[in-house]
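Participant: just coords:
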């Protein structure tokens, strides 16, 4: 049985508030970045998740090692405290976002090249 984890990190990236959705399933990491603009309230983030989650465009899957954590409540509390102290997004997430940007860039280049040549290419 494989576990699926989802995590949303909201942080301030000058001049906007940004949310990074991370999904780990079948040992693969998928990431999506969303710009909120002004600082979102908790209920606004929840509303966004309910309305737009299935419209999000996640990156290509990246291999990820999922560490098994102990079910000890004190360990869980300690791990939660460590995660809250970390600011920003993890390096794996940043790599996934960069790969997604590059994929979209090549898709746009192919489409514009096809339009210049007079043919239409659908991706």
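Facilitator: Received, thanks. Note that the structure is predicted; figures quoted are calculated from it, not measured. Residues are numbered from 1 along each chain as shown.

Participant: So what sits opposite residue 33 in the bridge?
Facilitator: Beta-bridge partners for residue 33, by DSSP bridges, are residue 20.

Participant: For it, give its distance to residue 19.
Facilitator: 7 Å (CB to CB, to the nearest Å). Yep, even glycine has a C-beta here, placed from its N, CA and C like the rest.

Participant: repeat for residue 7
Facilitator: Taking CB to CB, one finds residue 7 at 11 Å from residue 19.

Participant: more neighbours, these two?
Facilitator: residue 19 (19 against 14; other CB atoms under 10 Å).

Participant: for the more buried one, what are its contacts?
Facilitator: 8, 9, 10, 33, 34, 35, 36, 40, 45, 48 (CB atoms under 8 Å, 6 or more residues apart in numbering).

Participant: number of nearby residues for the first one?
Facilitator: Okay, so that is residue 8. Residue 8 has 15 nearby residues by other CB under 10 Å.
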